[in-house]
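Engineer: Coordinates for the following, if possible.
(chains A and B)
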There are 2 protein chains.
Amino acid sequence: MARARQAGSGNAGPAEALRRLDATAAQARAQGADLLLCPEMGLTGYAIGAERVASLAEPHDGPWAQAVAAIAQRHGVAIVYGYPERNPAGKPFNATQAIGPDGVPIGHYRKTHLYGDLDRAQFSAGESASQVFTWRGWRLGLLICYDVEFPEAVRGLALQGADAVLVPTANMTGFDEVQHILVPARALENRLHVAYANACGSEGDTTYGGLSTVACARGTVLARAGRGPGLLAATLERGALQAARQHAYLNDRRADLYGPLAG
Amino acid sequence: MARARQAGSGNAGPAEALRRLDATAAQARAQGADLLLCPEMGLTGYAIGAERVASLAEPHDGPWAQAVAAIAQRHGVAIVYGYPERNPAGKPFNATQAIGPDGVPIGHYRKTHLYGDLDRAQFSAGESASQVFTWRGWRLGLLICYDVEFPEAVRGLALQGADAVLVPTANMTGFDEVQHILVPARALENRLHVAYANACGSEGDTTYGGLSTVACARGTVLARAGRGPGLLAATLERGALQAARQHAYLNDRRADLYGPLAG
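Structural biologist: Modelled structure (predicted):
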């Protein structure tokens, strides 16, 4: 069902990023993918500085959305991409949008868990929890990078009935435990699929760790990329969801005892 | 700081279990342990049927508590043990208690997340979330088996400042992903140590998976047992907690968005 693109975040800028996206979408579709998941801030690069983020930011329905929609339509593949979203009230949001193969936006999310000084210097935090959307019968949720390290963020989507959580990310080297431990844990503990598409290569002093990972609802890693650029393929199965859900974590929760988590 | 005992749950009964506990406490202390963590329902066995659970259950300060206190005092080691706790209102609780080397109880907890028909046939669910207690400057929390598979349960202890979570368990074969994925994830995502002491061997049709695991606050597995009986040693370091907490998940949570988790 999905392809995750692991790519250098591309200081080359949005025009070059869109050319690469077009080529990658063609490649993904040729391999039979229905959906292409790209890294966090993939259209602009992530660690590019507050000034450049602010100067590049666009509305969710701006020229990039139109360009990505055209690419999605041209190749008949849904695309989840990351970009800085203009915010009239302050610093841009670190955002992601899903656009269907008919060019129509189907999901949108602004990163709510900002990571360290780098995120805080460049972005405003999103003010709403991620909302599940339905596409081709799949219940999908979007998170961005650091969000997925918080069990609460994925649980919130699971409680909305998510079948799969799609995570554009730009996780640096030295934090491989996210791909190795936390992504499989989120899949397992919520009985849903998680696809985590990381950046690779360097931007200034920042080096991304690659190892994009797709984990299935049993916690098994279905596919994992290496450190360099590439297109990672995985097939998300409905049958695996049904089988995994026979062990029903969501039914056995004790929400009556979880008040302090939201306090 | 700790030793985890992996043992057959002991259909032999409480008297034999107490004799084994005495020998194990001596062995643990000889190895320099301060605390000995034993499996879920270790004094009676776990899958022993509702009738036997009910006939064996004792109050938290009953004869077993006194016997374990005597063992703890004799060897100068704290002991965390599991037992069925008498419940005047219904089926017993699946309980655990920590007793200090001076013989004084220091922590107590009743399993809140019951697992499947087996737990529900034998036990009433605990009605209170686990509460952190302090011992020798450590903030400790208790959970039992299936509880730790719920991120909310461990997060609740982390929000109370837990340094380590001690988990008596009787996890069956076929569910090794708990030891391999979820226990390290709980440690990592909360920046605390987790010790998970499993049963091994069989009780009737039920076979326990061993692989008792101690994971440190960076998600690294410090020690893991095999499938058979044994005494697993691990040293929990304060320095590791401080280093791991420089990356402060608890500070970056968005509790304002987590309302649905407690709904």
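
Engineer: near chain B, which residues of chain A?
Structural biologist: A:112-115, A:125, A:128-129, A:146, A:149-153, A:155-156, A:159, A:177, A:181-182, A:184-185, A:188-189, A:218-219, A:249, A:252-255, A:257-263 (C-beta under 8 Å from any C-beta of the partner chain). Every C-beta, even on glycine, is put in place using the N, C-alpha and C of the backbone.

Engineer: make it 7 Å
Structural biologist: Residues of chain A lying near chain B by C-beta under 7 Å from any C-beta of the partner chain: A:112-113, A:129, A:149-152, A:155-156, A:159, A:177, A:181-182, A:184-185, A:188-189, A:219, A:249, A:252-255, A:257-263.

Engineer: Quick check: phi and psi on A:Y109?
Structural biologist: Phi and psi for A:Y109, reported as degrees, to the nearest 10, are phi -160, psi 140.

Engineer: pretty sure it contacts A:T96?
Structural biologist: Yes: with contact defined as C-beta atoms under 7 Å, A:Y109 reaches A:T96; the gap is 5.4 Å.

Engineer: between these two, who's got more neighbours?
Structural biologist: Using other C-beta atoms under 10 Å in any protein chain shown as the criterion, A:Y109 and A:T96 rank with A:T96 on top: 30 against 27.

Engineer: who's in contact with whichever strand or helix holds that one?
Structural biologist: In this assignment (DSSP states H and E), A:T96 forms part of strand A:93-99. With C-beta atoms under 7 Å, 6 or more residues apart in numbering or on different chains as the test, strand A:93-99 has contacts from A:41, A:60, A:65, A:68-69, A:72, A:78-85, A:87, A:105-111, A:119, A:123-124, A:126, A:142, A:144, A:168.

Engineer: redo that, cut-off 6 Å
Structural biologist: Contacts to strand A:93-99, defined as C-beta atoms under 6 Å, 6 or more residues apart in numbering or on different chains, come from residues A:68-69, A:72, A:79-80, A:82-83, A:85, A:87, A:105-111, A:123-124, A:126, A:142, A:144, A:168.

Engineer: Likewise for stretch A:116-136?
Structural biologist: In contact with stretch A:116-136 (C-beta under 6 Å, 6+ apart) are residues A:50, A:53, A:87, A:90-91, A:93-94, A:106-107, A:109-112, A:114, A:139-143, A:156-157, A:160, A:162, B:257.

Engineer: List the contacts of A:Y258.
Structural biologist: Contacts of A:Y258 (C-beta under 6 Å, 6+ apart): B:152, B:261-262.

Engineer: could I get those residues as a markdown table with pLDDT and neighbour count?
Structural biologist: Shown next, in a markdown table, are the contacts of A:Y258 (pLDDT from 0 to 100; neighbours: other C-beta atoms under 10 Å in any protein chain shown):
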| residue | pLDDT | neighbour count |
| --- | --- | --- |
| B:E152 | 98 | 23 |
| B:L261 | 97 | 23 |
| B:A262 | 96 | 17 |
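
Engineer: secondary structure element for A:D22?
Structural biologist: Judged by DSSP H and E, A:D22 forms part of helix A:14-30.

Engineer: Now do the strands in chain A.
Structural biologist: A:2-8, A:35-37, A:78-85, A:93-99, A:105-110, A:133-135, A:138-142, A:164-168, A:193-197, A:199-203, A:206-209, A:213-215, A:221-224, A:230-234 (DSSP state E).

Engineer: could you pull out the helices for the stretch 51-200 of chain A?
Structural biologist: A:63-75, A:116-122, A:151-159, A:177, A:183-190 (DSSP state H, counting those that start in this stretch).
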